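Engineer: only geometry, no sequence info:
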């Protein structure tokens, strides 16, 4: 009866849901949940405004309010950002000079994965879920058994969550073959190497692959930072045309992004085939140029360094995490992220950027101190935070002694702030961390490391958890304004010049040119932009 009345008399002001008080209570509950789950978004509240108006004053009033709410939502920066990232995500597979070259992708039916660790087993799982045959190679039976067990566990987890049947899991497991040598590599279409970050080891592996694989097979490395040309340095020139980076993010069967790294020698057909594979395994690909850290890791290296710089200036790391996670909307703050990744990994990866970009890095002593104390983060039970049996994090007062040592070694408190820790707002902390990241992102766009700025937006959202409602790194920077960012970076550069850290903040030429001309950062280089792609 109620539904019929709603359908036939929605325009009457007297048409209300009964009981009214209960309806309002439900809407209030929805508002509270929306505020909690979508803290930085206004459009859920606008939708509820329209619903409440319809409940309170009838259908016509509700429809009018809905129109007003739609117009208000469409004018929001978050609306523009979400629309941008929606379309940008669907355009990453269009790569100038590759997807428009008149080539047709070849189907990749069988892939060999070298290394059955966390990353290798995740890559193998992603392939199996897409019905791709897999050969998993390890160096001994114990490691191979461990890799196969991890794949089995990944599939079992999906069965437990209702995402696949046990029958489908068994069928997927039947498509992987574990091996200890290269005898089964003669008919693979692609190899993805996922061993430890050891240049010598990788070079030996690829030299072996050159003779073990068929001449059409794509040779890919999952390295996250090592120069791809260095990995393939011992390959013949013709083989280097089949070499690229296939950088998955952990866990590889869950994370949606695939960074496809091309070198100056990588064949277009090889790139097109790998782009096609990304579609098959349901990944969003971003084709990037070859440099230290490629796109994602390179752009975000100043992020952790800036956080440590703030900490070494006397700012509480938990306040920094609160500003970045709660205030800006990242999944977690930089110090909590460090504990997730591991202090030892952060120390190792950070060295690559110190070696490659010595003029614009900050090296804190906090990571060596934590590694020496075996405070590696989640995997050791303590880092910046302490972790319980369920890996739930809470602030750890015992880390304070290591922070004090790091602050003392840095000497920034005295050099820059006269012995008194700066009192920063959350917005100032956000700018301190993210404006250097924007600066590096501008260099990546300027150098042609990405095909288009929107690709970097997608990569930062999918790999680093940059809030999608901010549109990605470069889109957000355009909302903030290049002129504003340059002014703040110059001010920070002057402030830290006496400590020899001006280079960490000084804006790059691309960013300065955009600020001076009023051109959007997302427009790319003015004139005929060259590209490392």
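Structural biologist: Good, I have the coordinates. The model shown is predicted, which means the values in this text are computed figures rather than measured ones. Numbers count the residues shown, from 1 in each chain.
Engineer: Can you mark which positions in stretch 285-299 are buried?
Structural biologist: 285-291, 293-299 (16 or more other Cβ atoms under 10 Å). Just so you know, the C-beta spots here come from the backbone N, C-alpha and C atoms, and that holds for glycine as well.
Engineer: Any stretches of the stretch 401-533 of the chain with poor pLDDT?
Structural biologist: By pLDDT under 70, the low-scoring segments of the stretch 401-533 of the chain are 526-533.
Engineer: So for stretch 352-368, what gets flagged as buried?
Structural biologist: By neighbour count with 16+ other Cβ under 10 Å, stretch 352-368 contains the buried residues 352-353, 357, 360-367.
Engineer: and what of stretch 451-467?
Structural biologist: Going by neighbour count (16+ other Cβ under 10 Å), the buried part of stretch 451-467 is 451-464, 466-467.
Engineer: ok, back up a step: so which of the buried residues of stretch 352-368 belong to helices?
Structural biologist: Under the assignment DSSP state H, these contribute 352-353, 366-367 to helices.
Engineer: what's the lowest-pLDDT member of those residues?
Structural biologist: Lowest-confidence member of these: residue 352, scoring 88 (pLDDT).
Engineer: what about that residue, distance to residue 334?
Structural biologist: Spatial separation of residue 352 from residue 334 under the definition Cβ to Cβ, to the nearest Å is 18 Å.
Engineer: so residue 181, which of the three states?
Structural biologist: The three-state label for residue 181, taken from DSSP: H, G, I helix; E, B strand; the rest coil, comes out as coil.
Engineer: Check residue 247 too.
Structural biologist: Remark: residue 247 carries the secondary structure label strand [criterion: three-state DSSP].
Engineer: Please look at it and residue 220 and confirm they touch.
Structural biologist: No - using Cβ atoms under 8 Å, residue 247 is not in contact with residue 220, being 9.1 Å away.
Engineer: From the buried residues of stretch 352-368, pick the one nearest residue 74.
Structural biologist: Residue 74 lies nearest to residue 360 out of these, by Cβ to Cβ, at 39.5 Å.
Engineer: Double-check that residue 107 belongs to a strand.
Structural biologist: No - membership of residue 107 in a strand is not supported by three-state DSSP, which gives coil.
Engineer: what's the closest non-adjacent residue to it?
Structural biologist: What sits nearest to residue 107 in space, not counting adjacent residues and going by Cβ to Cβ, 6 or more residues apart in numbering, is residue 276, at 7.4 Å.
Engineer: following whichever helix or strand the one you found is part of, which helix or strand comes up?
Structural biologist: Assigning secondary structure by DSSP states H and E places residue 276 in helix 268-280. Scanning forward in sequence from helix 268-280 by DSSP H and E, the next helix or strand is strand 284-288.
Engineer: residues making contact with that next one?
Structural biologist: Applying Cβ atoms under 8 Å, 6 or more residues apart in numbering, the external contacts of strand 284-288 come out as 89, 92-93, 95, 98, 256-262, 271, 274-275, 278-279, 294-295, 449-451, 455-456, 458-459, 462, 533.
Engineer: mind redoing it with 6 Å?
Structural biologist: 89, 92, 95, 256-261, 275, 278, 294-295, 449-450, 455, 459, 462 (Cβ atoms under 6 Å, 6 or more residues apart in numbering).
Engineer: Now do that strand against helix 268-280, angle only.
Structural biologist: Angle, strand 284-288 to helix 268-280, by axes from the mean of the first three to the mean of the last three Cα atoms, to 10 degrees: 150 degrees.
Engineer: first to last residue in stretch 223-243, what's the distance?
Structural biologist: Stretch 223-243 has an end-to-end distance of 12 Å (Cα to Cα, to the nearest Å).
Engineer: How about it, which residues are buried there?
Structural biologist: Counting neighbours by 16+ other Cβ under 10 Å, one finds that the buried residues in stretch 223-243 are 223-228, 231-232, 235, 239-243.
Engineer: Just the buried positions in stretch 505-514, please.
Structural biologist: Within stretch 505-514, the residues that count as buried by 16+ other Cβ under 10 Å are 505-508, 510-514.
Engineer: Grab the most central residue of this structure for me.
Structural biologist: The centroid of the chain falls nearest to residue 463 when counting by Cα atoms, centre = their mean (1.6 Å).
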